[in-house]
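>>> Provided below are the primary sequence and the corresponding predicted coordinates.
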Amino acid sequence: MRTIAVMNQKGGVGKTTSSVNLAAGLARQGRRVCLIDLDPQAHASLHLGVEVASGAHSIYQVFAGARGFNDICQMVGQNLWLAPSDLDLAATELELVDAQGREFILRTALQTAAAYEKFDYIIMDCPPSLGVLTINSLSSASEVFIPLQPHFFALQGLSKLFETTALVARRLNRNLKVTGIMLCLYETGTRLAGDVTDDLMMFLNGSDPHAPWAQAKVFQSRIRRNIKLAEAPSHGQSIFDYAAGSTGSQDYQNLVQEVIAAEAALSGGQTRAAA
Ligand SMILES: Nc1ncnc2c1ncn2[C@@H]1O[C@H](COP(=O)(O)OP(=O)(O)OP(=O)(O)O)[C@@H](O)[C@H]1O
Ligand SMILES: [Mg+2]
């Protein structure tokens, strides 16, 4: 069982596109997957063709304490479930400002619903901020995947993300590790993309071996810029349903294979840690 927060406080870097297509791709490989949309923009929900009417069942109600996680989770395909979001979720930040234990609301809800046992993967699409929703995601997850658009400022933002993960790992969730960095919106053949990728590798290789990102792997699969990936959300379909033969579909398929390939190593590591 893997619980993955897809996080980057920078907007428009491929969090939602990656969360949705990773979730759909893993489900197609027979994994039971639950995608949790933690963004009030609800782009992941819309990408899978789900639009929640105001007041209807959504993850907002879980944060508001009005419903359990199982009540709001819906099946959207074979092996694929969605905890949808809607604009109401934008109020959560304010509503929880004084709430005790507000960092653990999602984790408790997932535990109560036995979600950690029911699914092979829980994938959480985080909003582009480091507020209470993202913190809830990090305190519920064991892994963080960071989508990165290789450009000049990408690494600056990355150190901030690493610091946040380290802080959450120290204070709220000792199991949390950054395990994957996904290069998204990749411009093949440009020098900048190659240079940023080299800098990133150097930065990771020089990291403190005890840091929560010490095991982070830059996925080999580069997610190239592909118009079909930008079109798929408006059709309410994953890239595999919308344009199976596209480069976008190939790139996410390769990513899915890499994620699956890490399963054995992870369960071996967990067994060792438990021993
Ligand atoms: N590889 C790609 N090729 C072409 N378009 C892409 C690709 N990846 C994402 N996009 C498009 O770029 C835009 C931003 O992507 P996405 O919504 O996944 O980013 P995000 O990090 O979730 O954004 P936000 O921070 O607003 O939540 C979207 O319109 C999406 O369709
Ligand atoms: Mg998004």
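Noted; the coordinates are in hand. Ligands and ions are numbered 1, 2, ... in the order given.
>>> next, residue 34: phi, psi?
Per-residue torsions, residue 34: phi -120, psi 120 (degrees, to the nearest 10).
>>> over to the one 3 residues further on?
In terms of degrees, to the nearest 10, the main-chain angles of residue 37 are phi -90, psi 110.
>>> how many neighbours does the nearest residue to residue 188 once chain neighbours are set aside have?
Nearest in space to residue 188, with sequence neighbours left out and distances taken as CB to CB, 6 or more residues apart in numbering, is residue 224 at 5.7 Å. (C-beta placed from N, C-alpha, C; glycine too.) By other CB atoms under 10 Å, the residues close to residue 224 number 18.
>>> mean confidence for the biggest helix by length in the chain?
Of all segments of type helix in the chain, defined using DSSP state H, the longest is helix 247-274. For helix 247-274, mean pLDDT is 80.
>>> can you point out the buried residues in it?
Going by neighbour count (16 or more other CB atoms under 10 Å), the buried part of helix 247-274 is 247-256, 259-260, 262, 266.
>>> also stretch 124-131?
For stretch 124-131, by 16+ other CB under 10 Å, it's 124, 125, 126, 127, 128, 130.
>>> the fourth one reaches residue 36, doesn't it?
No. Between residue 127 and residue 36 no contact is recorded; they are 11.8 Å apart, counting by CB atoms under 8 Å.
>>> how far does stretch 27-46 sit from the chain's center?
The chain centre lies 9 Å from the centre of stretch 27-46; the measure is CA atoms, centre = their mean, to the nearest Å.
>>> same question, stretch 188-196
25 Å.
>>> buried residues in that stretch, which are they?
193, 196.
>>> and if you look at stretch 15-32?
15-28, 31-32.
>>> now swap in stretch 164-172 and tell me
For stretch 164-172, by 16+ other CB under 10 Å, it's 164, 165, 166, 168, 169, 172.
>>> for stretch 89-102, same thing?
By neighbour count on 16+ other CB under 10 Å, the buried set for stretch 89-102 is 89, 90, 92, 93, 95, 96, 102.
>>> and for stretch 197-212?
Neighbour-count burial for stretch 197-212 flags 197, 200, 204, 211, 212 (criterion: 16+ other CB under 10 Å).
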